[in-house]
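> here's my sequence, what's the structure:
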Amino acid sequence: MKSSSFAALTRFQLLTCAARATGLGAAAGLLPLAEGRGDGAETPPRFKYAICNETFGDWPFEKAFAFAAECGYQAIEIAPFTIAEYATDISATRRAEVRRQAERAKLEIIGLHWLLAKTKGFHLTSPDAEVRRRTAAYFGELARLCVDLGGKIMVLGSPQQRNLAPGMTKEQGMKYAADVLRAVAPTLEKAGVVVAIEPLAPAETNFLTSAADAVELIELVASPRCRLHLDCKAMAAESTPIAELIRKNHQWMVHFHANDPNRQGPGFGKLDFVPILKALRQIDYRGWVSVEVFDYTPGIERLARESIAYLRRCER
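Numbering: from 1, shown residues only. Okay, here's the model as predicted:
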């Protein structure tokens, strides 16, 4: 074995051991390096692509999952409200059924996003201690749902349920949000689930509007179960280029959403994904690249097919 290959293998073994020790291996998507080409150089592995299930609207899950697999996606990301408004309303039977439907389509279920969408009574930055307590308890219920579906990651976006109240400072919001996430950390640890904090654009929320804000909260929580999620549409609102944000924050990243600032899929707008995927390669990102769409005007089938086709072209 050449020295360069030995160094790469040793580095991976160290990363894997560290990830296993903290329980983050699955969440971070750590996988063995691709086999070399035979000349001592490594062949970069292809990215793993997933798609968010609300993309398929009112399609039955079985149909949606089968079509996602046909398009080439390897995993699905679940919005809980597509099953029921509250995680507590989803029976064990229904959870097992959804998991089997994904397995039959040969898809993994990554986990959950839109955690608090369509719910009432929960808020990440509420000044009311009882509301924060209920919110932490509900995150615990979501963690159990995530595990039952076979997932490991919960993306915390939910802009309306994290907005700062009028007159509340960012520092106060950070403290309240950290209180909620610290309270649920033991449940996350037991479940083997990671909460991935998603910064969003100022047009969507007034709290956690940059990657730097999200990292500040992660450091306050100080738990390996609280990490960073980056979303292309959101990052496009920052003054720092997306590729630079990826490189700067790579040590916190566990998940990634691919979309265009026009709210459609990658390749449906002006955002160039070649430097974005190059940056993900540079940081040796091994997690999922998950397509998330908000504007379905081009049509479900076209969005699903052409988004992954465009991303694969950008890899070359």
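
> how much space between residue 201 and residue 53?
Taking Cβ to Cβ, to the nearest Å as the criterion, residue 201 is separated from residue 53 by 23 Å. (Each C-beta comes from the backbone N, C-alpha and C, glycine too.)

> which one's more surrounded, these two?
Counted by other Cβ atoms under 10 Å, residue 201 and residue 53 do not tie: residue 53 has more neighbours, with 23 against 17.

> what's near enough to touch the more buried one?
61, 64, 65, 76, 77, 78, 79, 82 (Cβ atoms under 8 Å, 6 or more residues apart in numbering).

> now render those residues as TSV, adding neighbour count.
Below are those laid out as TSV (neighbours: other Cβ atoms under 10 Å):
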residue	neighbour count
61	18
64	25
65	25
76	28
77	27
78	24
79	18
82	19
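
> max pairwise distance over those residues: which two?
65 and 79 (14.0 Å; Cβ to Cβ).

> pretty sure residue 155 sits in a strand.
Yes. Assignment of residue 155 by DSSP: H, G, I helix; E, B strand; the rest coil places it within a strand.

> tell me where this structure has strands.
Per DSSP state E, the chain carries strands over the ranges 48-52, 75-78, 108-112, 153-156, 194-197, 226-231, 253-258, 288-291.

> pick the most deeply packed of those.
The highest mean neighbour count among those, using mean count of other Cβ atoms under 10 Å, belongs to strand 194-197: a mean of 28.

> who does it pair up with?
Sheet pairing of strand 194-197 (DSSP bridges) gives strand 153-156 (parallel), strand 226-231 (parallel).

> quick one: contacts for the nearest residue to residue 288 once chain neighbours are set aside?
Once flanking residues are discounted, residue 288 sits nearest to residue 50: 4.8 Å by Cβ to Cβ, 6 or more residues apart in numbering. By Cβ under 8 Å, 6+ apart, residue 50 lies in contact with 73, 74, 75, 76, 77, 108, 110, 288, 289, 290, 291.

> then residue 52?
Contacts of residue 52 (Cβ under 8 Å, 6+ apart): 76, 77, 79, 113, 257, 290, 291, 292, 293.

> format these as CSV; extra columns: distance to residue 181 and pLDDT.
Below are the contacts of residue 52 laid out as CSV (distance: Cβ to Cβ, whole Å; pLDDT from 0 to 100):
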residue, distance to residue 181, pLDDT
76, 25, 98
77, 20, 98
79, 20, 98
113, 16, 98
257, 20, 98
290, 22, 98
291, 27, 98
292, 22, 98
293, 28, 97
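
> let's have these in JSON lines, adding distance to residue 126.
Listed next are the contacts of residue 52 as JSON lines, based on distance: Cβ to Cβ, whole Å:
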{"residue": "76", "distance to residue 126": "31"}
{"residue": "77", "distance to residue 126": "27"}
{"residue": "79", "distance to residue 126": "23"}
{"residue": "113", "distance to residue 126": "21"}
{"residue": "257", "distance to residue 126": "26"}
{"residue": "290", "distance to residue 126": "29"}
{"residue": "291", "distance to residue 126": "32"}
{"residue": "292", "distance to residue 126": "26"}
{"residue": "293", "distance to residue 126": "30"}
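
> which among the residues you listed gets closest to residue 101?
Using Cβ to Cβ, residue 76 comes nearest to residue 101 of those, at 9.5 Å.

> partners of the closest one in the sheet?
Beta-bridge pairing for residue 76 (DSSP bridges): residue 51, residue 109.
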